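>>> Model the following, please.
(chains A and B)
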Amino acid sequence: NAGVTQTPKFQVLKTGQSMTLQCAQDMNHEYMSWYRQDPGMGLRLIHYSVGAGITDQGEVPNGYNVSRSTTEDFPLRLLSAAPSQTSVYFCASSYGDSGGGYTFGSGTRLTVV
Amino acid sequence: KQEVTQIPAALSVPEGENLVLNCSFTDSAIYNLQWFRQDPGKGLTSLLLIQSSQREQTSGRLNASLDKSSGRSTLYIAASQPGDSATYLCAVRDNDMRFGAGTRLTVKP
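Residues are numbered from 1 along each chain as shown, chains lettered A, B, ... in the order given. Modelled structure (predicted):
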């Protein structure tokens, strides 16, 4: 049972480049979300999805796009990377959108130069 | 907007000591509260999940309590060990999940 798998683990981008962070879960969880973790800021919600075909914005959505074409996958796209997007990104999933506990991926450490 | 606060921000204790980490939240209309552990440079590992209808959960040397009406949760760690050194995060779930900034715990041998 792999849980939540994130790729890549590390990435360096130049300002203006685009890329997609991958997230996949094999637990048939309906709910998936993306967070970024910055020193002194804690974990902040970027986007979330309550099921295939449904996505919504979190606390800090600007500069990021998401889609949810399958239950298993929830990719996060950076359209035009900026140094302010240097962070550690975590994907999480859970059953339902209320009572389930969260399972986290191991994270992607992104540096934008 | 839900605000989650964890006190203290950092804690250093000698091995063997019992300790309590605190978490408070501003809106009591939550579905559940979850405690996580994060080691440096690593992801989040779930420790305990307490549903809103529950008062506490236990796993080994860990016990978490929830007082929803007062907006408080505590994580009790018994007989602390150096391997317990990590950052402990509290998170509450309402429409989404909100995290505290964490307590960085150091257990000295």
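>>> Enumerate the residues of chain A near chain B.
Neighbours of chain B within chain A, by Cβ under 8 Å from any Cβ of the partner chain: A:33, A:35, A:40-43, A:45, A:48, A:58, A:90, A:92, A:97-99, A:101-107. Yep, even glycine has a C-beta here, placed from its N, CA and C like the rest.
>>> now the helices for chain A?
For chain A, no helices are identified by DSSP state H.
>>> show me where pLDDT drops low in it?
Within chain A, the set of residues satisfying pLDDT under 70 comprises A:1, A:97-99.
>>> Mind listing the residues bridging to the most centrally placed residue in chain A?
What sits nearest the mean C-alpha location of chain A, by Cα atoms, centre = their mean, is residue A:34, with 3.0 Å. Legend: beta-bridge partners of residue A:34 under DSSP bridges are residue A:47, residue A:91.
>>> hang on, residue B:23 in a helix?
No - according to DSSP: H, G, I helix; E, B strand; the rest coil, residue B:23 belongs to no helix; its state is strand.
>>> follow-up on the earlier one: so how far is residue B:61 from the residue nearest to the centre of chain A?
32 Å (Cβ to Cβ, to the nearest Å).
>>> just residue A:77 next, same as before
Using Cβ to Cβ, residue A:77 is found at 42 Å from residue B:61.
>>> my read: residue B:31 touches residue B:93, true?
Yes - using Cβ atoms under 8 Å, residue B:31 is in contact with residue B:93, at 4.7 Å.
>>> Looking at the two now, which is surrounded by more residues?
Counted by other Cβ atoms under 10 Å in any protein chain shown, residue B:31 and residue B:93 do not tie: residue B:93 has more neighbours, with 24 against 17.
>>> Give the bridge partners for that one, please.
Beta-bridge partners of residue B:93, counted by DSSP bridges, are residue B:32, residue B:97.
>>> before we move on, what about the one 10 residues further on?
With DSSP bridges as the criterion, residue B:103 is bridged to residue B:88.
>>> Could you do residue A:108 as well?
residue A:89.
>>> do residue B:6 as well
residue B:23.
>>> wait, what's in contact with it?
B:21-24, B:88-90, B:100-103 (Cβ atoms under 8 Å, 6 or more residues apart in numbering or on different chains).
>>> cool, residue A:48 as well?
A:31-34, A:55-56, A:58, B:96.
>>> Among the residues you listed, find me the one that's closest to residue A:3.
Of all the contacts of residue A:48, residue A:3 sits closest to residue A:32, with 12.4 Å by Cβ to Cβ.
>>> Just give the nearest non-adjacent residue to the closest one, would you?
residue A:74 (4.1 Å; Cβ to Cβ, 6 or more residues apart in numbering or on different chains).
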